[in-house]
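Q: Here is a sequence together with a model predicted from it:
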Amino acid sequence: MAFRGPKVWLWRWRRNPLKRRADSMEAWVLLVAWSVTVLAGVLAGLTTARAVEQGMARERVEWRPVVALLTERAPGTTDSRAARTSSSEQVWAKVRWSARDGSSHTGQARVRPGSGVGSPVTVWTDPQGRLVTRPATPSE
């Protein structure tokens, strides 16, 4: 490989008697293309961030916590050793709750292992009364 000398930055913009008009046009087209790409990327990122923030804000306003009752015993045991080792462990169990309009709904929710029938559990619902996840807080 032949040695070409030190790399020259911004070589497209240097004065050179051998530089053609096409070389100048290529430099300008390349500059505009990079500028448009960077600007489009920034605008797409800002638009996406705003849409996500608005969606999460809407969820925080519309979704409500509701107390649901277990309709069956949750699988697992309420062993004190297990509770000490993993206090965040939860299992799926069937629950029942009433929506704002008074209609009764059932579904699956995460509860403590070994919880008995009729145990209260807080679940989150949308305006139609369907189960949803807990909405993200503004800091999240």
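A: Structure's in. What do you need?
Q: next helix or strand past the helix or strand hosting residue 22?
A: Per DSSP states H and E: residue 22 is located in helix 21-62. The helix or strand immediately downstream of helix 21-62 is strand 64-70, counting by DSSP H and E.
Q: Tell me which strands that next one pairs with, and in which orientation.
A: Strand 64-70 sits in its sheet next to strand 91-98 (antiparallel), strand 120-125 (antiparallel), going by DSSP bridges.
Q: Which one of those strands lies nearest to residue 28?
A: Among the strands paired with strand 64-70, the nearest to residue 28 by Cβ to Cβ is strand 120-125 (55.1 Å). To be clear about C-beta, it is placed using only N, CA and C from the backbone, and glycine gets the same treatment.
Q: Buried residues, the closest one. List them.
A: 121, 123-125 (16 or more other Cβ atoms under 10 Å).
Q: That one - what's its average pLDDT?
A: What strand 120-125 shows for mean pLDDT is 94.
Q: ok, the residue positioned nearest the centre of the chain to residue 109 distance?
A: Taking Cα atoms, centre = their mean, the centroid of the chain lies closest to residue 52, which sits 8.0 Å from it. According to Cβ to Cβ, to the nearest Å, residue 52 and residue 109 sit 26 Å apart.
Q: Check residue 119 too.
A: 11 Å.
Q: what do those two both touch?
A: Common contacts of residue 119 and residue 109, defined by Cβ atoms under 8 Å, 6 or more residues apart in numbering, are absent altogether.
Q: more neighbours, these two?
A: Shown here are residue 119 and residue 109; by other Cβ atoms under 10 Å, residue 109 has more neighbours (20 against 16).
Q: State whether that one is indeed within a strand.
A: Yes. Using DSSP: H, G, I helix; E, B strand; the rest coil, the assignment for residue 109 is a strand.
Q: in the sheet, who's paired with the nearest residue to it once chain neighbours are set aside?
A: Spatial nearest neighbour of residue 109, chain neighbours left out: residue 95 (4.6 Å); criterion: Cβ to Cβ, 6 or more residues apart in numbering. Beta bridges link residue 95 to residue 70, residue 107, judged by DSSP bridges.
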